[in-house]
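[1] Kindly generate the corresponding structure for this input.
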Amino acid sequence: MNMFFVLAETTRSAHQQIVSMDMFWEQVDKLSWLQALIAVSFGAVYLIYGWRIFKVLAVVSFGMGGLFLGMELGRRMGTDSSAIMWGGIIGLILMAVLSIPLMHWAVSILGAAAGGIITGCIWYALGLPHQYILAGAVIGIVAGGMISFIVFKISVMLFTSLGGAVLIITGLLALANLYEQHQTTNANFVYSLVNEYNWFMPAILIFTTFVGMVIQNKLVKGASDWKL
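    Sure thing, here's the model as predicted:
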């Protein structure tokens, strides 16, 4: 399961909002009760014990990334569905296999990407110009990459905590939305929180990620057998 769900879409107009939560909300709105509970459960494991299974998570993350890249490449090279399918399969296998011998680099890249997401969230929450949000993300990517090579454990805890936070938040919002649909009042409260308040999603994402890193740091210190 890939930790980096795309939460933003771009537009050419500088007067329109570049970062939109519509894509994220579509995923939340589609989840059933069971799927939401599964997301919360897996997210909790990801958040708390990601340091134990970070190698598997890194391989899966790169495999999913290769899948999407391969599908996009296949879509550009051919119009039939078989080109897209084979492009996705080849991309998935290639990226997953390459990430195993290059595990240190793979985790560092994921840590850098997580840093970019965090700083991008801060940029979005502060209401800074959305057309320059990539500049804020680049700062986090550079900082996350540097930290990953200096203190590798931080990179592990950062990308696993962020991945778990995304799954937990998605599942909880889906559950809240499903509950709200059965109420007669405040039918759009959860939707308005996600789409109308810039600070809401970044705040809960960063807070949950921070909690996960604190928990993992305590567990890592108490596990003398943990090896990178």
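
[2] how much space between residue 92 and residue 52?
    24 Å (CB to CB, to the nearest Å). (C-beta placed from N, C-alpha, C; glycine too.)

[3] Between the two, which has more neighbouring residues?
    Taking other CB atoms under 10 Å, residue 92 and residue 52 do not tie; residue 92 has more neighbours (21 against 17).

[4] Please state the backbone phi and psi of that one?
    phi -60, psi -50 (degrees, to the nearest 10).

[5] Enumerate every residue touching it.
    63-64, 66-67, 70 (CB atoms under 8 Å, 6 or more residues apart in numbering).

[6] Can you tell me which of these is nearest residue 132?
    In terms of CB to CB, no member of the contacts of residue 92 lies closer to residue 132 than residue 64, at 28.3 Å.

[7] got any ranges where the protein has weak pLDDT?
    Across the chain, the ranges flagged by pLDDT under 70 are 1-20, 78-79, 184-187, 222-228.

[8] rerun that using 90 as the cut-off
    Residue ranges of the chain with pLDDT under 90: 1-30, 49-55, 70-89, 103-105, 107-108, 120-155, 177-199, 217-228.

[9] Going along the chain, name the helices of it.
    In the chain, the helices defined using DSSP state H lie at 22-30, 33-49, 54-77, 81-99, 103-125, 133-150, 152-181, 189-196, 200-221.

[10] List the buried residues of the fourth one.
    Pointing back at helix 81-99 there. For helix 81-99, the neighbour count (16 or more other CB atoms under 10 Å) marks 83-84, 87-88, 90-92, 95-96, 99 as buried.
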